[in-house]
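J.: Have a look at this prediction, sequence included:
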Amino acid sequence: MKKNFIEKLLPVFALLTWVFLFGIMLILFIEGTPIFKSVPIFKFIFGRHWYPVHEPPEFGILPLICGSLMVTVGALVIAIPLGLGCAVYLSEIANRGVREIIKPFIEMLAGVPSVVYGFFGMVLLAPMIQKIFHLSIGLTAFTASVILGIMALPTVASIAEDAISSVPKALREASFALGANQWETITKVVVPAAKSGIFAAIILGIGRAIGETMTVLMIAGCCAVITPNFFRPVRPMTATIAAEMGEAPMGSMHYHALFAIGLVLFLITLGLSLIAEYLKEK
Amino acid sequence: MRKQKEFIGLLGLRISIFVVVISFLAILVFISSKGFKVLNIEFLLAVPKDGMTKGGIFPAIVGTLYLCLGTIIVALPLGVLSAIYLIEYAACKRLIKTIRIGVSALAGVPSVVFGLFGLAVFVKFFDFGVSVLSGALTLGIMTLPVIIKASEEAILSVPKEFKEASFAIGATKWQTITKVVLPTALPGIITGTILGIGRAAGETAPILFTAVTFYQRLLPRSVFDEVMTLPYHIYALMTEGTAPEFQVPIAYGTAVVLLGLVMSINFVAILIRVKSRRAKKW
């Protein structure tokens, strides 16, 4: 069979995703690694001080990594139970009519732009949290966690639902036949059977939370400090890049350091994506 | 005891759905109740005045639409062609799997990292500057995975008989794809594209260093001009400037417009999906 010009080019288009993926990694390497000439990589990652514009500057991203981890863990505490709850409800309990109404809601929740979440957090949630907990400032890791949790929820819910609804019906019927009630069937049969898909959902939720930028930029506060206190402002990696790239002169140490943070972020999310793919296959 | 356990468990599931629906409605109602107060024709069609404290958001609306259009032009052909290759041509299972992993991995890259990539490649290396072009290319690459996945599903759902009938009357593979498969898969492809565009319209981080400017009196005249966009406008109004008492109401108005735009985009996509499902005769 003779192929025309476009048909011959098709594989090239399909491989473009990998080209972009490698391109991103390459760019981050080229622009990020020069910082390691002046700051050793160990000191960069485990350094406790991020003072990019001090004289002399200090480039330690441990506080930024801790900031990212804190808001991500906080977000998961909200997104995992609620997301899984929604997923189980939709696939096990809701009838068709309810499902057709609720599912678009979850899709719409996923469609709300992150800057609108950030805005909502700034004008409503942060002042509320400030009042309730008597804080001097409402922009805290906790505030960001709540909003990020709502944002990561649709990701967890929709992927977990796919996994749960693909559990064969026979398993449920067998469980009911043994006298188990609906809750027992859900917790002891359906959820364990969909385990790896649910883990994949959680991991993609982590990826979503750790990579989110505008929300944390707007509501996590901005202190690059290491603190165990959720009611203090923190500064995640994404927010640091977004906030400082505009001021960092091109080619400066600060500029390269921000790309190096991008590289760290990229490698983390790439790892998470690959793990999720592996789990989905199982 | 078992009964009570079941009751509590199922109640928990219902509560999680309730929380999701309520938080979505809360965001929607809160922002629109405040935003609609500042919304009028002048707000939509005027340029900003007096250092962002008065006037409208017309340039931001236009800028967002330009970027969306650019994103479609970049991502739609690439995405559809990749999907055609994956479903209709690729024979090697491992290659298909590798490409799919690449697609998922690209989808997991944080938006701010795309911004770094766009800055280094389009703004700096190709010297497109901070412009509509750089922004659209960056957003296009980011949206690509969504479009590939949606197109794949749409093409896959075309019944085999359609293709066989086409081959039987002597059509070549390419003719079958362009005249039978793609038209049949079109609603699905459109739905996916619209959803992707909805996300691109609300993104801020990828265009932060590649396309946007805070203030512009004139509309962009070429693809090499910088633009104002709705999401960035919200962010800038909330974090820059010196007159929050005037800026915050404008931010509410802008958020309503952005939310309205994104929600109607999503709504149209859902509508097309439902309609095409009903219209299917096979």
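T.: It's in. Residues are numbered from 1 along each chain as shown, chains lettered A, B, ... in the order given.

J.: going forward, measure contacts between C-alpha atoms and count neighbours the same way
T.: Fine.

J.: Touching stretch A:146-160 from outside, list them.
T.: A:71-72, A:74-80, A:82-87, A:106-107, A:109-110, A:114, A:117-118, A:121, A:197-198, A:200-202, A:204-206, A:208-209, A:212, A:215, B:20, B:23 (C-alpha atoms under 8 Å, 6 or more residues apart in numbering or on different chains).

J.: Are any of those buried, and if so which?
T.: A:71-72, A:74-76, A:78-80, A:82-87, A:106-107, A:109-110, A:114, A:117-118, A:121, A:197-198, A:200-202, A:204-206, A:208-209, A:212, A:215, B:20 (16 or more other C-alpha atoms under 10 Å in any protein chain shown).

J.: Keep only those of the residues you listed that are in helices.
T.: A:71-72, A:74-76, A:78-80, A:82-87, A:106-107, A:109-110, A:114, A:117-118, A:197-198, A:200-202, A:204-206, A:208-209, A:215, B:20 (DSSP state H).

J.: who in the stretch 101-250 of chain A is up against chain B?
T.: Proximity of the stretch 101-250 of chain A to chain B, by C-alpha under 8 Å from any C-alpha of the partner chain, involves residues A:102, A:104-106, A:108-109, A:111-116, A:119-120, A:150, A:181-184, A:204, A:207-208, A:211-214, A:218, A:238, A:241-242, A:245-246.

J.: Could you turn the buried ones of these into a PyMOL selection?
T.: Entered in PyMOL, the line below selects the buried ones among these, by 16+ other C-alpha under 10 Å:
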select buried, chain A and resi 102+105+106+108+109+111+112+113+114+115+116+119+120+150+182+183+184+204+207+208+211+212+213+214+218+238+241+242+245
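
J.: Next, residue A:59: phi, psi?
T.: phi -120, psi 80 (degrees, to the nearest 10).

J.: Apart from its neighbours in sequence, what residue is nearest it?
T.: Residue nearest to residue A:59 in three dimensions, not counting chain neighbours: residue A:50, with 5.0 Å by C-alpha to C-alpha, 6 or more residues apart in numbering or on different chains.

J.: same thing with residue B:21?
T.: residue A:105 (6.7 Å).

J.: Relative to residue A:75, how far out is that neighbour?
T.: Going from residue A:105 to residue A:75 by C-alpha to C-alpha, to the nearest Å gives 20 Å.

J.: ok, now residue A:143?
T.: 10 Å.

J.: again, but for residue B:243
T.: Taking C-alpha to C-alpha as the measure, residue B:243 falls 32 Å from residue A:75.

J.: so where do the strands sit in the stretch 101-250 of chain B?
T.: Here the stretch 101-250 of chain B has no strands by DSSP state E, counting those that start in this stretch.

J.: Those residues of it touching chain A, which are they?
T.: Checking the stretch 101-250 of chain B against chain A by C-alpha under 8 Å from any C-alpha, the hits are B:101-106, B:108-114, B:116-117, B:120-121, B:141, B:144-145, B:174, B:198-199, B:202-205, B:208-209, B:231-232, B:234-235, B:238-239.

J.: and whichever residue of the stretch 151-282 of chain A sits closest to chain B, what does it touch?
T.: Minimum separation of the stretch 151-282 of chain A from chain B (C-alpha to the nearest C-alpha) falls at residue A:211, amounting to 4.4 Å. Residues counted as contacts of residue A:211 (C-alpha under 8 Å, 6+ apart) are A:238, A:265, A:269, B:109, B:110, B:111, B:112.

J.: pLDDT and distance to residue B:84 added to those residues, as CSV?
T.: Below are the contacts of residue A:211 laid out as CSV (pLDDT from 0 to 100; distance: C-alpha to C-alpha, whole Å):
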residue, pLDDT, distance to residue B:84
A:238, 95, 35
A:265, 95, 32
A:269, 95, 28
B:109, 95, 24
B:110, 95, 27
B:111, 94, 26
B:112, 95, 30
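
J.: Can you give me the separation between the nearest residue to residue A:90 once chain neighbours are set aside and residue A:79?
T.: With C-alpha to C-alpha, 6+ apart as the criterion, residue A:90 has its nearest non-adjacent residue at 6.0 Å, and that residue is residue A:99. To residue A:79, residue A:99 is 20 Å away according to C-alpha to C-alpha.

J.: Please apply the same query to residue A:93.
T.: 20 Å.

J.: Ok, residue B:61 next?
T.: 32 Å.

J.: which stretches of chain A form strands?
T.: A:50-51, A:58-59 (DSSP state E).

J.: Pairing partners for the first one, with directions?
T.: Strand A:50-51 has these partner strands in its sheet, going by DSSP bridges: strand A:58-59 (antiparallel).

J.: Let me know the pLDDT of residue 12.
T.: In the absence of a named chain, chain A is used. At residue A:12, the model reports a pLDDT of 89.

J.: That was the other one, I meant chain B.
T.: For residue B:12, the predicted pLDDT is 91.

J.: where does chain A dip in pLDDT?
T.: A:1 (pLDDT under 70).

J.: 80 instead, please
T.: For chain A, applying pLDDT under 80 flags the ranges A:1-3, A:222-224, A:282.

J.: Kindly report the same for the stretch 151-282 of chain B.
T.: B:213-219, B:241-242, B:277-282.

J.: which residues touch the residue of it found nearest chain A?
T.: With C-alpha to the nearest C-alpha as the measure, residue B:202 is the residue of the stretch 151-282 of chain B nearest to chain A, at 4.6 Å. The contact partners of residue B:202, by C-alpha under 8 Å, 6+ apart, come to A:112, A:113, A:114, A:115, B:230, B:231, B:258, B:262.

J.: can the residues you listed go into a markdown table with extra columns for distance to residue B:213?
T.: As requested, those are exported to a markdown table (distance: C-alpha to C-alpha, whole Å):
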| residue | distance to residue B:213 |
| --- | --- |
| A:112 | 22 |
| A:113 | 19 |
| A:114 | 19 |
| A:115 | 16 |
| B:230 | 11 |
| B:231 | 11 |
| B:258 | 17 |
| B:262 | 21 |
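
J.: So what touches stretch A:217-234?
T.: For stretch A:217-234, the external contacting residues (C-alpha under 8 Å, 6+ apart) are A:48-50, A:62-64, A:66-67, A:70, A:118-119, A:121-122, A:126, A:135, A:139-144, A:235-236, A:238-240, A:242-243, B:235, B:239.

J.: One more pass at 6 Å, please.
T.: For stretch A:217-234, contacts defined as C-alpha atoms under 6 Å, 6 or more residues apart in numbering or on different chains pick out A:63, A:67, A:118, A:122, A:139, A:140, A:141, A:142, A:144, A:235, A:239.
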